[in-house]
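> no sequence on this one, just coordinates:
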């Protein structure tokens, strides 16, 4: 490890209603891989966005190469050698790989862009990284993993001194992760400073030199990786929050009836021959990497996307589901991973969102019975413990956790017995997370059946009665909670299919 | 993969080109009067201003926007320049310069409204469409303007588009138009301007994060559109005897329709200038050909509308298939 | 400022609408001071004539904009309705009542066509509008053989003019306000309106709630079409003659009334009351521009600028919220 190249001191940042960063300290040295860890919403990404100038900090200082600096936007940071490889890929699908890598700083021959030279340079970059991608391929034709490699190549081409990886492995298969680690080790050899944001404990132990942990927007501490155990890190991450106890055995009665049966479901590349059963009162965890096809499976079952083939049985009867309307008719509700886009109508009130799926039951003559609507909404606000000033409050003004509760209320109001929770705690702060867990357990105990898609291993192990694992659009395993461990789930999730 | 993709675009252009040929054959078969050299001249005369508008409007379309002001704009620029030439005694060249500057100014206004102030493109340009119509009438004091007719002094610009050699009229304008098509094809495919236009239409967020001055290039797309609408106004002035205030509405449909028929995606991100050129000829052929088979001129408006909707539907179906 | 906005009476009426009413009154006072005889009844009647047909157009397009779409074919479609119906009446010998129905049916057909393409085919609304605008002009020209059509005066059996006014009593105003109230009820108190607004705000969320969004989105365009058909009747009721190939300028004026009234171009937020006041402002403005001695061309320019300012205000308001 070399000298400190970048130091962030006492960084403070407040968003309306959220103290996102509370005097956070962070440093990274040349030739080290420094992990930045924390639960969802701990403030890791925010900190990195402050660093690269996407957000402006309220107070604190950033010292880079011995100088006090502040970047105004990603471009400035890039030019100075601080580059971020984003979790969500920032690619222009219609352009080629090389055109994407050099976008914003094209080589030119007169006024003409020198595509030939760009292709050559891109090839050189890929050779240096030992990856095999055709620079002239159109971006949107590549797999997610390959696109990520392009992002990394782009970062390196900036003469970067500090590279930030924001959950780079979330979408990668095992062999791709190995490739990634090889690249990272090479970069470390070349004395680059690397910040590695990840959830995966195993990776942290393998690839990083030091770990900095954040919790609820605060700096918790920095450890040297070799000198600490997984438990040390977990303790720092979780802190005071007491979660629902992890399940050690299934809570479902052995004779519980099957409420949903999916057989040989096919829908595009991401859903291939998926079959499973869901029992009454069960929480069925769906585990896998980002892009494994879990959300696509859920959307196909729910009729949100077209499917090619496969049978769905609800309560033993074969049903046809071609649209969300059909699914809702059969008592299936879907809580999307992206609440703001697919779950709630933010400009409408809590009451209006609650009755969204069940509005026909609130019609008197041709008018909406707003009194009844409010009463029912209030009932759900009380029973789910939603924190809102009133049912007329616009949903946009609620916090993430409470928005999630409004979506749950929507499906309970429609009396759905089968609920698909897609990443139910994404973007929800730590305290509210536990409440959602409690709520899910309560619903299951009341006889609702839940499919829970989650990328967080701890969440899967904590909540599921049974776990289905997917990889590259196929179901690669199914395991009872009694036998499930991080290792065997991970194995199934990265299983290469021949 | 790249080869496959470019093949796809190539294919669309070829198909549309075949449609043009088929239409030509159809009209030739149906009407003896159509089989004349003068018909070609007429088609060419009608095509110049539409092709020019189409070249320009391809840029806003690729950014995912649209420019509805080009039709009435064209008339407005021609009226403004023409008024100065005819009634104020300005030299023809200077009048044209005024037309072009006017077009660039309106294009810049559109660009600022859309790129900087974030107004929806169709609404902003709908407003400038009305504004240019009003301005045009005011400039010309509500009278039609006749640019110098052939043979009179200052009419040199008419022979840019049509020259008489040994008693035969030659559609010289097509050469210039073709040259502009090739130049703008180069701009779209091989310069920063074009590349960033595609980037804005494909993934604006990514373009911003790459440090591109997105606002500037967004404005430029509309400036190009305005500039070409102004060039189209010169072609229009040169081809037609009189320019009437209050007209021009509907020209934009022909230009945008041509571009979309030629493969420009109505949702942005993809398209080519050569495609737009070929697409325009579908529209022009319909426009000139329909009267020959006994349908009055206004049928062309209906058919153009249907062709546009049809082209967009084909695009939508194609993209759905590609997804699978 | 904040205090005023949170006053319960102000809240009930809507701050925006109070301001707009103020603007309307101020405009009227100013014009009365600037122009001789502006304050008299004739000017008001003239402005009202303008407000009727524009009002129906504006109400119609409010539904469409509420769903996050746009329809700028309404002006030419209104002319198409008036021409097809008028030609049927004057040249094909169809009686008055069926002719009026034809006007509404033509509007309905265009609305259904637009709505079908937008909702079921996902053709971008601006493309649909552009195509319909020209098709409406083309159809009207073809149908009437490019002749203008004059609807009969009251004395020659044009009883429909009683829908506009009887003697000096503005029947049209009563009808317009009644229709506005019905529209307001549809938008705010029925399932259709709730779904239209919701899908304008977040269409995927509504679809994933198991709602048939295509049906409701198409319905917005159909309602718009019917209202355009009614607008056509009021247009000829006031101005008698229609000419094929025109009507574009009313698109902008109708959208102006709607957006000024607080309906958001992004969809999901619409106010019928606001639209009504917005329409009166636009109508008074057109009347004022002519009274001040300017030509129609200035109307185009000023309306264009108003839309730009109103939409920009909406954009800024949304930016501030985020």
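Great, that's in hand. Please read all numbers here as calculations on a predicted model, not as lab measurements.
> Look up the pLDDT of the residue of the stretch 151-300 of chain C found nearest chain A for me, please.
Residue nearest to chain A within the stretch 151-300 of chain C: residue C:210 (2.9 Å; Cβ to the nearest Cβ). (Glycine included, C-beta is placed from N, CA and C.) Listed pLDDT for residue C:210 reads 92.
> Kindly provide the distance from the closest residue to it other than its chain neighbours to chain B.
Of all residues not flanking residue C:210 in the chain, residue A:328 sits nearest, at 2.9 Å (Cβ to Cβ, 6 or more residues apart in numbering or on different chains). Between residue A:328 and chain B the distance is 24 Å, computed by Cβ to the nearest Cβ, to the nearest Å.
> which residues does residue A:328 contact?
Residues in contact with residue A:328 (Cβ atoms under 8 Å, 6 or more residues apart in numbering or on different chains) are A:357, A:414, A:416, C:209, C:210.
> same thing with residue C:78?
So residue C:78 contacts C:53, C:57, C:107, C:228, C:229, C:231, C:232, C:235, C:247, C:250 (Cβ under 8 Å, 6+ apart).
> Could you rerun that using 10 Å?
Contact analysis of residue C:78 by Cβ atoms under 10 Å, 6 or more residues apart in numbering or on different chains lists C:53-54, C:56-57, C:60, C:103, C:106-107, C:110, C:136, C:227-236, C:242, C:247, C:250-251, C:254.
> Return the distance of the helix or strand containing it from the chain's centre.
Using DSSP states H and E, residue C:78 sits within helix C:74-91. The chain centroid and the centroid of helix C:74-91 are separated by 17 Å under Cα atoms, centre = their mean, to the nearest Å.
> do the same with stretch C:173-184
12 Å.
> same thing with stretch A:276-295?
The answer for stretch A:276-295 is 15 Å, by Cα atoms, centre = their mean.
> is any part of that stretch close to chain C?
No: for stretch A:276-295, no contact with chain C is found by Cβ under 10 Å from any Cβ of the partner chain; the gap never falls below 12.3 Å.
> Going by neighbour count, which residues in that stretch are buried?
A:276-289, A:291-295 (16 or more other Cβ atoms under 10 Å in any protein chain shown).
> And stretch C:248-255, by the same measure?
C:248, C:249, C:250, C:251, C:252, C:253, C:254, C:255.
> For residue A:272, state which of these is nearest.
residue C:255 (48.1 Å; Cβ to Cβ).
> For the closest one, give me its contacts.
Taking Cβ under 10 Å, 6+ apart as the test, what residue C:255 contacts is B:123, B:126-127, C:57-58, C:61-62, C:64-65, C:70-72, C:74-75, C:263, C:265, C:278, C:282, C:303, C:307, C:310-311.
> Could you list which of these belong to helices?
B:123, B:126-127, C:57-58, C:61-62, C:64-65, C:74-75, C:278, C:282, C:303, C:307, C:310-311 (DSSP state H).
> what are the ranges of the strands in the stretch 151-300 of chain B?
B:163-165, B:168-170 (DSSP state E, counting those that start in this stretch).
> Show me what the last one is packed against.
So the one you mean is strand B:168-170. helix B:37-62, strand B:163-165 (3 or more Cβ pairs under 10 Å, 6 or more residues apart in numbering or on different chains; DSSP states H and E).
> circling back: host element of the residue nearest to residue C:210?
With DSSP H and E as criterion, residue A:328 is part of helix A:324-329.
> that older thread, what's the closest of the helices and strands packed on strand B:168-170 to chain A?
Between the helices and strands packed on strand B:168-170, helix B:37-62 lies closest to chain A; by Cβ to the nearest Cβ that is 9.2 Å.
> pLDDT on that closest one, on average?
94.
> try stretch A:281-295
The average pLDDT within stretch A:281-295 is 90.
> That one near chain B at all?
No: using Cβ under 10 Å from any Cβ, we find that stretch A:281-295 stays clear of chain B, coming within 15.2 Å at best.
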